[in-house]
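> Predicted model follows, preceded by the sequence.
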Amino acid sequence: MTHVLEARNLTRDYHIPGSLFKKAKTVHAVKGVSFAVDQGKTLAIVGESGCGKSTLARIVTMIDPATSGDMLIDGNKVDIAKERLTPEMRQKVQIVFQNPYGTLNPRKKIGEILTEPLIINTHMKADDRRDKAMAMLKKVGLEEKHYGRYPHMFSGGQRQRVAIARALMLNPRLLVLDEPVSALDLSVQAQVLNLLADLQDEFQLTYVFISHDLSVVRYIADDVMVMYYGEAVEYGSREEVFADPKHNYTKTLFAATPRADVDSIKARLARKNAA
Amino acid sequence: MSLFEIENLVVEFQTAAGPFRAVDGVSMKVNAGEVLAIVGESGSGKSVSMLAAMGLLPWTAKVTADKLLFNGIDLLGLSPSDRRKIVGKDIAMIFQEPVASLNPCFTVGFQIEEVLRIHLGLDKKARRARAIELFDLVGIPNPAERLGHFPHQMSGGQCQRVMIAIALSCNPKLLIADEPTTALDVTIQKQILDLLMRLQAEHGMGLIIITHNMGVVAETADRVIVQYKGRKIEEADVLSLFESPKSEYTRALLSALPDNATGDRLPTIAEFLSDDQIFAGAFR
């Protein structure tokens, strides 16, 4: 079976042009990363800001070309630096961004936001587009009456649902989720995570889930990749990575994650009283 | 006598649709050297109640309270100029979003020295020395050089450290930290929390941490207040809150943590609790 997404030794360099007073510089944002994801599975990419995880997301979503290395989607090699992206390819990968307040056009109604990808990439008739958007609204837990409303009339969790619905309009094979729940409250976060799990079961979706919250990753991921300064320092199944982290950075990351269980609180209070 | 005492605080905003009650009868006490965490979702009134206590709300807000005491002084009865002598000096606040709360037009050195000049009246040399000392304290490397930098030249974690340095500049008796680590990476979050806890213990400050992150609560608090839609739902010491939460809402909040997930779906609050049920268990 071919993987839905396979990356072999991907790199991405950004060239910062020099000026009279500054030398030109090359930033290696991603340095030789390889991974593979199968259908219906979730790969979580973890790392701190500036580690290259969002650059990787841009490469996977075919917004940015990789400097070198191969990316295969459904076994087909993709290189947007060499050939134009076809609508078929675009339909295969969609992305949900971190901030649901900034990614929906405030001047467009929800219906327009949802049908826009169909206008650009398909030849569907207006009636069909509308029906499909209505059906998708229900799928993500919204109602038909929301079709004619504007983004400002929704809460953060509802907006993230709209963003997910928009990404699903083209029936993608692969969904890139760039910190989809980090801007949301705890209870809303739980709802959105449940929605993602439901949709994955229903459409056999493949997720690339980017996050820095390890408790969320532990809950949702099948495989985990930890990135540090552009390199994948740890890659394995969730059980392996969480049970036996190999790299020092992964250990630091685990140690820094706040623990909300009774035993850790008791240990902390005991330390405090002793001091 | 407790350091900071609020009784029956009500904050109302005048809106086109009539008055909106953001905080509805909240009471709390903080002692010197104590860490209190206020937990709640967005819109639960946790930030607004603290802003009201410091007198930082816009004029559209109507603030009433039976008691609003800091160190025995009634904060509501003070004139604005008397209030400014306390706020920023004895009560300091670390705001959400450090990058947005610093003034982009001035260097961070100017912004920290401004506080030292107004509240402590230090001369230029003493101000600079104290600013360097404070930057050193919060762990900013090359403090003397950093004083001349603008906020946009620093990372989010560094800006948060600057905010903390400004808040600590006058050795406050009470420090209010409003979501101090929300926008930061976990490794930076750990450093900032460790720093806050160390400084709190060293100076014997009262510390109020406002957060929606249960992990942060578990790692820092002595006592916890849970708020929902402007009302206090539960107050308990940290261990009993996590061990045996009394209200349904707190129980639901804890079970929504991915850490505590048992099945393949997370329980959500809206599914099994209505507002009436949440407030039924509330006390004032």
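Thanks, I have it.
> got the residues of the stretch 151-284 of chain B near chain A?
Taking CB under 8 Å from any CB of the partner chain as the criterion, the stretch 151-284 of chain B approaches chain A at residues B:155-156, B:185-190, B:193, B:201, B:212-219, B:238-239, B:242-243, B:252-254, B:256-261, B:264-270. The way it works is simple: take the backbone N, C-alpha and C, and place the C-beta from them, glycine included.
> make it 6 Å
B:185-187, B:190, B:212, B:214-216, B:218-219, B:238-239, B:242-243, B:256-259, B:261, B:265-266, B:268-269 (CB under 6 Å from any CB of the partner chain).
> closest point of the stretch 151-284 of chain B to chain A, which residue?
Sorted by distance to chain A under CB to the nearest CB, the residues of the stretch 151-284 of chain B start with residue B:215, at 2.9 Å.
> Helix or strand: which one has that residue?
According to DSSP states H and E, residue B:215 maps onto helix B:214-220.
> and what of residue A:112?
Element membership for residue A:112, per DSSP H and E: helix A:110-121.
> Ok, residue B:41 next?
Assigned by DSSP H and E, residue B:41 belongs to no helix or strand.
> Number of residues surrounding the closest residue to residue A:47 other than its chain neighbours?
In this structure, residue A:47 finds its nearest non-sequential neighbour in residue A:227, 3.7 Å apart by CB to CB, 6 or more residues apart in numbering or on different chains. Using other CB atoms under 10 Å in any protein chain shown, residue A:227 has 24 neighbouring residues.
> on that earlier part again, looking at the helix or strand just after the helix holding residue B:215 now, give me its mean pLDDT.
Next along the chain after helix B:214-220, taking DSSP H and E as the criterion, comes strand B:223-228. Mean per-residue pLDDT for strand B:223-228: 92.
> For strand B:223-228, name the packing helices and strands.
Contact here means 3 or more CB pairs under 6 Å, 6 or more residues apart in numbering or on different chains; DSSP states H and E; on that basis strand B:223-228 packs against strand B:35-39, strand B:231-237.
> Show residues contacting it.
Contact with strand B:223-228 is made by B:28, B:36-40, B:44, B:46, B:217, B:232-235, B:237-238, B:241, B:249-250, B:278, as judged by CB atoms under 6 Å, 6 or more residues apart in numbering or on different chains.
> what do you get for stretch B:144-153?
B:102, B:104, B:107, B:108, B:109, B:131, B:132, B:140, B:159.
> again, only this time at 7 Å
B:99, B:102, B:104, B:107, B:108, B:109, B:131, B:132, B:135, B:140, B:159 (CB atoms under 7 Å, 6 or more residues apart in numbering or on different chains).
> Stretch B:25-36 too?
Outside stretch B:25-36, the residues that touch it by CB under 7 Å, 6+ apart are B:2-10, B:49, B:173-174, B:200, B:204, B:206-209, B:220-223, B:225, B:231-232, B:284.
> And the residue of the stretch 151-275 of chain A that's closest to chain B?
Closest approach between the stretch 151-275 of chain A and chain B, counting by CB to the nearest CB: residue A:258, at 2.9 Å.
> Give me the neighbour count for that residue.
21.
> residues touching it, list them.
Here residue A:258 is in contact with B:215, B:216, B:218, B:219 (criterion: CB under 7 Å, 6+ apart).
> now for these, which pair is the farthest apart?
With CB to CB as the measure, no two of the contacts of residue A:258 lie farther apart than B:216 and B:218, at 7.4 Å.
> could you show me where the strands are in the chain, in order?
Using chain A. Listed in chain order, the strands of chain A (DSSP state E) span A:5-16, A:25-37, A:42-46, A:68-73, A:76-78, A:93-96, A:174-178, A:206-211, A:223-228, A:231-237.
> sorry, should have said chain B
Taking DSSP E, the strands of chain B run over residues B:4-15, B:18-30, B:35-39, B:61-64, B:67-70, B:73-74, B:91-94, B:174-178, B:206-211, B:223-228, B:231-237.
> any idea what sits nearest residue B:120, other than its immediate chain neighbours?
Closest residue to residue B:120 apart from its sequence neighbours, by CB to CB, 6+ apart: residue B:170 at 6.2 Å.
> so the one you found touches residue B:89, yeah?
Yes: between residue B:170 and residue B:89 a contact is recorded at 4.5 Å, counting by CB atoms under 7 Å.
> anything in contact with each of those two?
Taking CB under 7 Å, 6+ apart as the criterion, residue B:170 and residue B:89 both touch residue B:119.
> quick revisit: out of the contacts of stretch B:25-36, which end up buried?
B:3-6, B:9-10, B:49, B:173-174, B:200, B:206-209, B:220-223, B:225, B:231-232 (16 or more other CB atoms under 10 Å in any protein chain shown).
> got the contact list for stretch A:112-119?
Applying CB under 7 Å, 6+ apart, the contact partners of stretch A:112-119 are A:104-105, A:124, A:129-130, A:132-133, A:136, A:162, A:165-166, A:169-170.
> can you rerun that using 10 Å?
By CB atoms under 10 Å, 6 or more residues apart in numbering or on different chains, the residues outside stretch A:112-119 that reach it are A:87, A:90-91, A:94, A:103-105, A:108-109, A:124-126, A:128-130, A:132-134, A:136-137, A:146-148, A:150-151, A:162-163, A:165-170, A:172.
> mind checking which of the strands of chain A is nearest residue B:15?
Residue B:15 lies closest, by CB to CB, to one member of the strands of chain A: strand A:93-96, at 32.5 Å.
> roughly how far is the closest one from the heart of the chain?
Chain-centre distance of strand A:93-96: 7 Å, with CA atoms, centre = their mean, to the nearest Å.
> Tell me the helices and strands packed up against it.
If contacts are counted by 3 or more CB pairs under 10 Å, 6 or more residues apart in numbering or on different chains; DSSP states H and E, strand A:93-96 sits against helix A:53-60, helix A:156-168, strand A:174-178, strand A:206-211.
> That one: partners in the sheet, and parallel or antiparallel?
Strand A:93-96 sits in its sheet next to strand A:174-178 (parallel), going by DSSP bridges.
> Bridged to the residue nearest the centre of chain A, which residues?
Residue closest to the average C-alpha location in chain A (CA atoms, centre = their mean): residue A:177, at 1.9 Å. Beta bridges link residue A:177 to residue A:96, residue A:209 when assigned by DSSP bridges.
> Buried residues in stretch A:223-234, which are they?
Buried-residue list, stretch A:223-234, by 16+ other CB under 10 Å: A:223, A:224, A:225, A:226, A:227, A:228, A:230, A:231, A:232, A:233, A:234.
> can you give me the end-to-end distance of it?
Using CA to CA, to the nearest Å, one end of stretch A:223-234 lies 11 Å from the other.
> Counting neighbours, which of the contacts of stretch B:144-153 end up buried?
The buried subset of the contacts of stretch B:144-153 - by 16+ other CB under 10 Å - is B:99, B:102, B:107, B:108, B:109, B:131, B:132, B:135, B:140, B:159.
> returning to what we had before: can you give me every residue that contacts the residue of the stretch 151-284 of chain B closest to chain A?
Residue B:215 makes contact with A:213-215, A:257-261, A:264, B:181, B:186, B:189, B:193, B:257, B:259, according to CB under 10 Å, 6+ apart.
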